[in-house]
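>>> Sharing a sequence plus its predicted fold:
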Amino acid sequence: MELKATVGFAGLMLLGGLTAGCAKPGAPSGGPEDTTPPAVLTVKPESLAVSVSPRTEILLRFSEKIEPKTLEKALWISPPRSPRSISVSGDRAVIHLRRALPESATVTVLLSTALKDRHRNSLAAPYQWLFATGPDLATGTVAGTVKRKGGGTRGQVLVSLFPVIADTLPDPRVEEPVAVTEAAGDGAYRLSGLATDGAPALLFAMLDRDGNREISGQGEFVSASPESVRLTPENPALTVNLRLVDPEAPGILTGSVTRSAGDTSAVRVALYAAADDSLATSLHEGSVAPSGAFSLKGVPPGGYRLIAYCDLNGSGRREDEELWLVLAEAVEVTPGDTRALGEFPGPRCSVDTPDDGP
């Protein structure tokens, strides 16, 4: 069986457009269900091998038969190279590259958890190894964790390193990274075999929900703030922790309002559209504790006007006759963040309470 690759790495579509073979996945009739994930038994070139021919083929042997189409999605080669063909026979695969590898380069091969066996069991953890086409392996490493906010639990979290060219911010959705890996289930990642030439680079985390190697579908996103990386012979290893935040992830606002002594009336805080002068419809509300503290959770990102009002009848909504007070004209909620707003003077709800002021 032979699969033909027609699309390169650009656009995060290293193997898009491969044609499927005739084998179809499915559990055999009768007997217990197979839930054992596939495992990589051997690779060639071997891990940490040096002086490998730039025209080498890549050989893989697995613990069981794999689904060929999933190998298309799971395979990443850095520096970027697209396969000319992938031949899968049961538990073995042979990958022929379209172009020779660079001379005297460290090559990293990643199999992501998109790889599945014939029973749709995924690789338990990303599998990565490196070898060199020259006499030495590059020694640079970047490792850390990816803290994920929003986006559900589906999808692969990819960590990619992009060169900085002429001080231009790379677009990780369409440009080619110099290295890529997949974060483990606990968020840990490690990029190895990196050059230590001091060249500036940027590190991005990305969520590929459907495994199609494109960061463009619904619910797919890239970390908003990439981290700068510069490896040198004197500093060849860095620890960089990343945040991968869904741009639609809700935020949290906390703060407090000062209550007049003896005023026990119910007070609520409410968010309105920043340009809503009428305060006709609140977008988000919460109660104020007797201590004056409040917390608004699950607030969609955006700009708001924050008010406090006296909920004298306990209805949980502001009535026209109830006293209200603008606490802040402009409050910005950023995706996945908790923002402490501080303390505000609150409305004086009971006319019988003493005035705290001079």
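Right, received. Where do you want to start?

>>> OK, contacts around Thr133?
Thr133 sits next to Ser51, Val52, Ser53, Pro54, Leu101, Pro102, Glu103, Ser104, Ala105, Val107 when contact means Cβ atoms under 8 Å, 6 or more residues apart in numbering. Any C-beta I mention is one placed from the backbone N, CA and C, and that applies to glycine too.

>>> Could you check how far it is from Val164?
Going from Thr133 to Val164 by Cβ to Cβ, to the nearest Å gives 25 Å.

>>> Name the member of the contacts of Thr133 with the most neighbours.
Neighbour counts for those peak at Val107, which has 24 neighbours (criterion: other Cβ atoms under 10 Å).

>>> Surely it and Leu130 touch.
Yes. Counting by Cβ atoms under 8 Å, Val107 touches Leu130, with 6.3 Å between them.

>>> Now the common contact residues for the two.
Gly193.

>>> rewinding a little: which pair of the contacts of Thr133 spans the longest distance?
Spatially, the most separated pair among these is Ser51 and Pro102, at 13.8 Å (Cβ to Cβ).

>>> Find the residue ranges of the stretch 151-300 of the chain scoring beneath the pLDDT cut-off.
151-153, 217-218 (pLDDT under 70).

>>> what do you get if the cut-off is 90, keeping everything else the same?
Per-residue confidence for the stretch 151-300 of the chain (pLDDT under 90) gives these ranges: 151-156, 164-177, 185, 206-226, 245-249, 259-265, 274-281.

>>> Mind jotting down where the strands sit in it?
Counting by DSSP state E, counting those that start in this stretch, the stretch 151-300 of the chain has strands at residues 156-163, 179-182, 188-194, 201-208, 221-222, 227-229, 237-239, 242-245, 251-258, 267-273, 284-287, 293-299.

>>> deepest of those strands, which one?
Among the strands of the stretch 151-300 of the chain, ranked by average contacts under mean count of other Cβ atoms under 10 Å, first place goes to strand 179-182 (a mean of 25).

>>> Quick check: can you name the pairing partners of it and their directions?
strand 156-163 (antiparallel) (DSSP bridges).

>>> who's in contact with the strand it pairs with?
Here strand 156-163 makes contact (Cβ under 8 Å, 6+ apart) with 112-114, 142, 146, 148, 170, 172, 175-183, 187, 189, 191, 194, 199-208, 211, 226, 229, 242, 244.

>>> centre of the chain versus it, how much separation?
9 Å (Cα atoms, centre = their mean, to the nearest Å).

>>> So what angle separates the directions of it and strand 188-194?
Inter-element angle recorded for strand 156-163 and strand 188-194: 30 degrees (by axes from the mean of the first three to the mean of the last three Cα atoms, to 10 degrees).

>>> Check the offset of the helix or strand hosting Lys73 from the chain's centre.
In the assignment (DSSP states H and E), Lys73 maps to helix 68-74. Centroid separation for helix 68-74 versus its chain: 21 Å, with Cα atoms, centre = their mean.

>>> Tell me which other helices or strands it touches.
Judged by 3 or more Cβ pairs under 8 Å, 6 or more residues apart in numbering; DSSP states H and E, the packing partners of helix 68-74 are strand 83-89.

>>> Check which residues of the next helix-or-strand element following the strand it packs on are buried.
Beyond strand 83-89 in the direction of the C-terminus, DSSP H and E gives the next helix or strand as strand 92-97. Buried residues in strand 92-97, counted by 16 or more other Cβ atoms under 10 Å: Ala93, Val94, Ile95, Leu97.

>>> Grab the nearest non-local neighbour of the third one.
Pointing back at Ile95 there. Closest residue to Ile95 apart from its sequence neighbours, by Cβ to Cβ, 6 or more residues apart in numbering: Ile58 at 4.1 Å.

>>> And the last one, by the same measure?
Nearest residue to Leu97 in three dimensions, chain neighbours excluded: Arg81, at 4.9 Å (Cβ to Cβ, 6+ apart).

>>> residues contacting Gly346?
Taking Cβ under 8 Å, 6+ apart, one finds Val257, Thr258, Arg259, Ser260, Val267, Val288, Gly292, Ala308, Leu325 in contact with Gly346.

>>> Please render the residues you listed as a markdown table that adds distance to Glu67 to the earlier fields.
A markdown table is the format used below for those (distance: Cβ to Cβ, whole Å):
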| residue | distance to Glu67 |
| --- | --- |
| Val257 | 59 |
| Thr258 | 63 |
| Arg259 | 63 |
| Ser260 | 69 |
| Val267 | 59 |
| Val288 | 56 |
| Gly292 | 59 |
| Ala308 | 58 |
| Leu325 | 62 |
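
>>> Pro45: which of the contacts of Thr133 is nearest?
Of all the contacts of Thr133, Pro45 sits closest to Val52, with 4.6 Å by Cβ to Cβ.

>>> Understood, closing this out.
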